[in-house]
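Asker: any chance you could fold what I've pasted below:
(2 chains)
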Amino acid sequence: MKLYCLSGHPTLPCNVLKFKSTTIMLDCGLDMTSTLNFLPLPLVQSPRLSNLPGWSLKDGNAFLDKELKECSGHVFVDSVPEFCLPETELIDLSTVDVILISNYHCMMALPYITEHTGFTGTVYATEPTVQIGRLLMEELVNFIERVPKAQSASLWKNKDIQRLLPSPLKDAVEVSTWRRCYTMQEVNSALSKIQLVGYSQKIELFGAVQVTPLSSGYALGSSNWIIQSHYEKVSYVSGSSLLTTHPQPMDQASLKNSDVLVLTGLTQIPTANPDGMVGEFCSNLALTVRNGGNVLVPCYPSGVIYDLLECLYQYIDSAGLSSIPFYFISPVANSSLEFSQIFAEWLCHNKQTKVYLPEPPFPHAELIQTNKLKHYPSIHGDFSNDFRQPCVVFTGHPSLRFGDVVHFMELWGKSSLNTVIFTEPDFSYLEALAPYQPLAMKCIYCPIDTRLNFIQVSKLLKEVQPLHVVCPEQYTQPPPAQSHRMDLMIDCQPPAMSYRRAEVLALPFKRRYEKIEIMPELADSLVPMEIKPGISLATVSAVLHTKDNKHVLQPPPRPAQPAGGKKRKRASEEVPDCKVVKPLLSGSIPVEQFVQTLEKHGFSDIKVEDTAKGHIVLLQEAETLIQIEEDSTHIICDNDEMLRVRLRDLVLKFLQKF
Amino acid sequence: MDPECSRLLPALCAVLADPRQPVADDTCLEKLLDWFKTVTEAGSSLLLLQENPCLVELLFHVLKPQDPSPRVLSFVLRLAGVFAAQENCFQYLQQGELLPRLFGEAGPLGGAAWTAPTVRSGWIQGLRHLAQHPSALPFLGDCGAVDTIFSLQGDSSLFVASAAGQLLVHILDLAMRALPQGHPNPQACDWPACAQKIVHHVEDSLRCTAAPQLTQALNVLTATFGHCHGLWTPGLWVRLRPLVARLLEKDPVPASHALVDLLLSVARSPVLSSHCDPWETLALTLSRLSPTQSGPLALGTLKLQDCPQALRTQAFGVLLQPLACVLKAAAREPGRPGLPDGAADDSVTVDMLLSSKSACVGLLCCALAHLELLQPLPQCPSPWPQEALLEAVVTVLRFCNGSAAPTSDMGGHLCAILVGCVRVQRAALDFLGTLSQGTGPQDLVAQVFAVLLEYLASPDSSPTVLKKAFQASLGWLLSSPETPGCRDLDPQAQRFLRELLPVLQKRLCSPCWEVRDSGLEFLTQMARHWGGQAGFRQVLLASEVPRLTRQLLRDPESYVRASAVTATGQLSSWGLTAAPAGPEHPGVQQSLLSELLHVLCTDSEGFPRRAVMQVFTQWLRDGHADVAGDSERFVARVLQAASRDLDWEVRAQGLELALVFLEQLLGQPGSRCPYAVAVPKAAARPLAQALQTLCRVQLFEFAFRALFDCDRPVAQKSCDLLLFLKAKATSCGTPQEDRVIPDVSSVEATLQKWQAGEHGHPLGDLEPEAVMAVLRSMDLEGLQDTLAESSDHMEKSPQSLLQDMLATVGVLGENEADCY
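Answerer: Numbering: from 1, shown residues only, chains lettered A, B, ... in the order given. Model prediction:
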């Protein structure tokens, strides 16, 4: 059993598990932090961005000035943003049988895998994961395609040139494998390969293993996966949450008794408590708006935004902000808000019960109804007519490199009255802000990551007690910036096995058993014999039939009829030869009685010696030696076959045959 | 006894004896017993029984083979004890064999009623009352009561068990007091049998390995040495000390809590501490107990008056140990004065700190709490290691918020245990606040301010932690030295304030109302202390805080509104106001006065309205600019609003405001401080003019209505106010004397209606003459006396109690209060 690790990002995993005869890809995350090295794509012409000076080497060589621009001491690639794909060389991805998706954030690389690697298998995911994943991809494609960029920079990727660049470009990894965004066509094709599954549904893979999604409590439709055979169980825990937010709570009990638990997708900000951060978010929002400033919240179109809107729903009246407009701008804003209301079965209990009242499970419906929350596909069109300040705008993309957020950063960045509040933990906010410097607007970092923290992990591991834990290497040591925080790492016994990008891990357990079924008529014919209390044995003569990784014992074919006709048999109808099987022996030989028997049969001068493992009976006259041990008996005599057979029969008298 | 009560008593006794007429309310029986106690304390119990034979009959009645209710039985047992407390009455009851039958084995002791805890408790309390004279001792011995009390020490009811222990102490004291006075320290063999029995029992229990018995014995001894200071007590302690010392040899020391209590009780007893030196045992115990067990003992030892210095040092060392370990774990920089030598090397403490989260948290919280208790006491050790403690508590706080970066293994481990621990954060912030009463070197104070700021700014701080951080900040700001010459805050505090205000700003917008509330309280305190100081004013006015505070007057949470009212009132007193320019009211400039009046008239909750009244009273007293301009109109408007208020505290505060106004018009009742700030007032106005003003603002209507208010404090306050006015008028001489006395019959008629509860009738326009006439004709002094009596003085009389009990007989109420 092996684990191929294709991604170095612990919350955007992509691993391949080889288990029995199957090859299973676990998640398909796309590392988008690479886009932070690129200049933002403005929706409307930005004189500031287009007039940035080109970057030149220390010696004044300016051959890269078309590709690289300098902004407040940072260098950015002036090109269409590119993403860092999972490793494609480590394993032939066309051999992957299935891909299991755990949540919509972890499927963003799917089109790259399914469309460009010869993949012919099936993808399994829950319905909300697929629908919201589609929205995220659609938004991403839309953000990038609606700002076409003529230039595509590649010179800087040259290894010799990259060495000369300033950080962080110099340290960017695997730049040669970075790819531009996929197209909508590729998205559709990739999504068509997905088969929908429900929680606790058991899916057979070639009869070899069974995979089951379990609720992970992190997002709508998010799942952990159990991959098990009859005798082995691997749990894949990715992006789980024990907090009470909108999704169904996490199913922990089903993770018990795992041989291996692969643990990924823990919180990215283990020191930030989501409750405190929500409070911080509300306070800063109110403070800014009360001062007449605007608030910009760069966010994904689904996920935490539902919880934030719910908090604001409760908070705005009490904070006297009822008249402040909230705008949600995304090409998929409408679909996201509406989808969230229809996935009742995937929601937490409280929200499920609302549906029966009937009421919309999320209160953002009421915000929309009362015109407090308005949503638009983009800043163009209706939005520009309705736009009123001060206001709060939720829009993407959290990297600040593309999407409507770029426009608002340019619009509001110059005033210190305005505030940008970062709630998504995927990008470093300082790096995200770098191309907008110098910036007058206030920046608040309130990362809200509801995924498991280390205290919760330690409780979870105590609860489910897996034999082995496998996790990204980042989780086995404290974060580099807080090396003294020994509480910010996984602490378990035996210590967790860690992996890093492009590493192959042999998982630390061996398969020992295989389940074989026995046909009823064959079972009927068996005559078990009790050889020890509670243990019965029977010999089976059967044909082992193996198909689709399932093994069945079938009754042996009847002895072949004498060939009557001239018709030649086809090879496939040939039955295997049934050799006459020797009976199996059991029991033990009581030495004293055996000696008496020998004497009865005329042997004299018998000597018995005790050995470590049994006895040696010496027939001195016959120059013969009978070695009796627990599991074997040897008769050693010189070239006297008659004698040997005689002695053998005497031995056999003491043993049971079946 | 009152003849009327004597008349009612037979009927009541009959009722009590009748199981078919259950007593509805336990509290009646308690009151009845209290009354009997007062009666017997004042006179002879024997006479009482002889004059009221129904009482003896009642005592006998419960012995009849019927099932009396447990409550009545318990009552009768206690009543019999109360009567038998007097020796002649005891003899009288003994003659009738009543007492052995009540308290002996033939009594309730063997019956079904004994299962009720209230009966067992009554039995114990009866004996407790009874055991007041030496003749009770043979009785207790004869009826086998002492053995029963021994067994009741382990009773399932905690009340019964505790009372049994106390009774043993009482009997022991009674027995030993009965010894001839000549022998100050008699031999044990001379002790009365009863005392010997009890002491043997205690000795047996001390040898026992079972924790409950051991604890019972230790508790009995603790109470004995705590309450009995006879010369026999040293003898008892000398006899039992070896047994107690043997407990200390065990590992772990059993019943450590009770043992600590005992040793402290011994050390506190004046007789014992002078006769037999308890210090050695204390020192030994301190060294034997585990760090968590020894904390309370160390604190208790340090509080002792005559404790030797060496023991004090040892005890203080115990309290400091955990913090010394923390300092060591943090690998503090050398050079600072530290904690006593060796404190940090105590391996037991270190082991305990690192053994588990709960042990570590418990030990640190106890150490911090004990030191916090110790610091303000006169017995506080000197020298007090202020610097090291400050450093330790700052370190603890840094461990708790994860900002410390310890290099040692122990530090890393402690950090992992403590990070995010709210209990330790609370205890440490409390202690940090207490430490502000001392000072510290500048760099350390800077660290204190820095860590406080971290806590105040952290989104992870819980509301209670924040509140404590605010309190500690205030303490440190108050203790920071003022800049010489200008009475302004020192630069360090000034810097802290500058950084604090943006944080406070954010906290005032918190979704959590507790946070907004504690932020406002903190602001109020700051403004109260530094409202006049230039540095503070500058920083505050440069921030959004005044404006946000004003917006919080419309907060959905009433506590927050109340705090916002107080805070804006305080800020406004110092001229630190902001114009409301909220998104809802763009451009509308509303004065704070009218906004607060709006709160007073419309707020649905009492707290904000009360706060407004307090602010207004303060404004009037201080001559606030918004008020001083037209104080007459202001008072009229406020009184009008207050008179309609449903909350009595608002009405009472209205009277307070009226009194301030009166004082300003007429001069204060007492002599004024000659240096007080001059208040713009019309003190020199003649009385007639002042009365005219009071009539115009309708103060009299307000005061008269309040005089007949259904809430007594309001009526009392109004009465005081009118009396003050009356006195003032009399002292000034009433010019009206020469004139015709006006007809006040209509006014008096209205007042009578008000007194009868018909408040709907208006008083109409009043003339000063009419007011004075009414005041003169009213018996305000009499009314004041009536109001001064508690509202239930009529119902408290024994006669009323007996009548009530008779009236409610048979009514099964729901007052099932457990009153044994």
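Asker: what helix or strand is A:Ile616 located in?
Answerer: Secondary structure from DSSP states H and E places A:Ile616 in strand A:614-619.
Asker: can you tell me which residue is nearest the centre of chain B?
Answerer: Nearest residue to the geometric centre of chain B (C-alpha atoms, centre = their mean): B:Leu373, 16.4 Å.
Asker: show me what contacts that one?
Answerer: Each residue near B:Leu373 by C-beta atoms under 8 Å, 6 or more residues apart in numbering or on different chains is listed here: B:Leu299. Every C-beta, even on glycine, is put in place using the N, C-alpha and C of the backbone.
Asker: phi, psi of it?
Answerer: phi -70, psi -40 (degrees, to the nearest 10).
Asker: just the pLDDT at it, thanks.
Answerer: Here, the pLDDT recorded for B:Leu373 equals 94.
Asker: how far off centre is the strand holding A:Ile616?
Answerer: 62 Å (C-alpha atoms, centre = their mean, to the nearest Å).
Asker: kindly report the same for stretch B:490-503.
Answerer: On C-alpha atoms, centre = their mean, the centre of stretch B:490-503 falls 35 Å from that of its chain.
Asker: got the residues of chain B near chain A?
Answerer: For chain B, the residues in contact with chain A (C-beta under 8 Å from any C-beta of the partner chain) are B:402, B:404-407, B:411-413, B:415-416, B:419-420, B:458-461, B:505-507, B:509-512, B:515, B:544, B:547-548, B:551, B:554-557, B:582-584.
Asker: select only the buried ones of those residues in PyMOL?
Answerer: Restricted to buried positions by 16 or more other C-beta atoms under 10 Å in any protein chain shown, the PyMOL selection for the residues of chain B next to chain A reads:
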select buried, chain B and resi 402+404+406+411+412+413+415+416+419+420+458+459+460+461+505+506+507+509+510+511+512+515+544+547+548+551+554+555+557+582+583
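Asker: restricted to helices, list the residues of chain B next to chain A.
Answerer: Those of the residues of chain B next to chain A mapping onto helices are B:411-413, B:415-416, B:505-507, B:515, B:547-548, B:551, per DSSP state H.
Asker: picking up where we left off before, partner strands of the strand holding A:Ile616 and their direction?
Answerer: Paired neighbours of strand A:614-619 in the sheet (DSSP bridges): strand A:606-610 (antiparallel), strand A:624-629 (antiparallel).
Asker: please work out which of the ones you listed is packed deepest.
Answerer: Mean neighbours per residue, mean count of other C-beta atoms under 10 Å in any protein chain shown, is largest over the strands paired with strand A:614-619 for strand A:624-629, with a mean of 18.
Asker: for it, output the C-alpha coordinates as PDB.
Answerer: Extracted in PDB, the C-alpha atoms of strand A:624-629 (Å, rounded to 0.1, in the frame of the first residue of the first chain):
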ATOM      1  CA  THR A 624      16.200 -47.200  11.800                       C
ATOM      2  CA  LEU A 625      15.300 -43.900  13.400                       C
ATOM      3  CA  ILE A 626      11.800 -42.400  13.900                       C
ATOM      4  CA  GLN A 627      11.800 -38.800  14.700                       C
ATOM      5  CA  ILE A 628       8.500 -37.600  16.300                       C
ATOM      6  CA  GLU A 629       8.000 -33.900  16.600                       C
END
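Asker: same for the next helix or strand after it, what does it pack against?
Answerer: Under the assignment DSSP H and E, the closest C-terminal helix or strand after strand A:624-629 is strand A:633-636. When contacts are defined as 3 or more C-beta pairs under 8 Å, 6 or more residues apart in numbering or on different chains; DSSP states H and E, strand A:633-636 sits against strand A:624-629, helix A:641-653.
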